[in-house]
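> structure for the following, please:
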Amino acid sequence: MDTVRVRRPDPNGVVEFVLDRPQAHNAISTEHARAIAAVGESLAEDTTVRAVVVSSTSEKAFCVGADLKERNSFSDDDLRRQRPVMRAAFNALLDLPVPTVAAIHGYALGGGFELALSCDLIVADDTAVVGLPEVSVGLVPGGGGTQLLARRIGWSRASDLVFTGRRVDADEAYRLGIADRLVLTGQARDVALELAATIAGNSPVGVRSAKRAMRLGLDGSLAAGLDVEDAAWRTTAFSGDRTEGIAAFNEKREPNWPGV
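Numbers count the residues shown, from 1 in each chain. Next up is the predicted model:
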């Protein structure tokens, strides 16, 4: 796991998931994908984690996507063997039960953009460039891009990016709704950490339940979604967090969340 580091900059449960393969601008090799999956899976089991920020140590990129230098020597069998490893990496971020925030600067292309799309929120600085260029090399986005981008910005806007493979600068990314926050150069990580700290200050039970309800209800009917929401409400309404939250409100103090 040398290519992924974990930092805990906030005692209240914010964890920074750092892509740390700067010499390759975080290109996702097989081993890098294994490290992403392993760290993501370990964070999913850690009940002290309340929010995760995904950042990069590369000066020029968040992540440039799959390691095409590695793939240049692949046989078809090599590519088939790599596929479940890559899927596990993206799923490890997508399946985290707590809110996730991607802090993007520079290039976030192909699988790198898909890592960001696997997060709940995206903070981009004004150097950010995003895109899904897979069709230009005979592939399709395979890290969730065809599904997550359409859900984020709608079918027609996603089709424009996927079918053309074109790159989008930070201003257009913000206008399209790809980026949720647009900040000045070098500020993406700090703003993402501040956003994560705000999230982490809320009820852990409430936040996890809200994320679960939103994810599960997204693709069903409104009626089915409201049933999912009702189940989430019942989980929170009879929790220790709800008891503490109401007490803290009435006593005009900060809550001390039990997290259960």
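
> okay, CA-based contacts and neighbour counts for the rest of this
Noted.

> how's this structure carved up into domains?
4-200, 204-251 (automatic domain parsing).

> packed most tightly, which of these would that be?
Stretch with highest mean neighbour count among the domains of the chain: domain 4-200 (a mean of 20; mean count of other Cα atoms under 10 Å).

> mean confidence score for that one?
For domain 4-200, the mean per-residue pLDDT is 97.

> hang on, S159 in a helix?
Yes. S159 forms part of a helix when assessed by DSSP: H, G, I helix; E, B strand; the rest coil.

> which residue, neighbours along the chain excluded, lies closest to it?
Once flanking residues are discounted, S159 sits nearest to A150: 7.7 Å by Cα to Cα, 6 or more residues apart in numbering.

> show residues contacting the helix or strand containing that neighbour.
Here A150 sits within helix 145-153, counting by DSSP states H and E. By Cα atoms under 8 Å, 6 or more residues apart in numbering, the residues outside helix 145-153 that reach it are 113-114, 117-118, 132, 140, 156-159, 162, 176-178.

> which ones among the residues you listed lie within strands?
Among these, no member falls in strands (criterion: DSSP state E).

> and D76, what does it touch?
Applying Cα under 8 Å, 6+ apart to D76 gives no contacts.

> out of the domains of the chain, flag the one nearest V260.
domain 204-251 (5.4 Å; Cα to Cα).

> give me the distance between the two termini of the closest one.
20 Å (Cα to Cα, to the nearest Å).

> centre of the chain to it, how far?
21 Å (Cα atoms, centre = their mean, to the nearest Å).

> show the average pLDDT along that domain.
Domain 204-251 shows a mean pLDDT of 96.

> just want the phi and psi numbers for D67.
Backbone torsions for D67, taken as degrees, to the nearest 10, come to phi -80, psi 90.

> I figured it hits I28, correct?
Yes. With contact defined as Cα atoms under 8 Å, D67 counts as touching I28 (5.0 Å).
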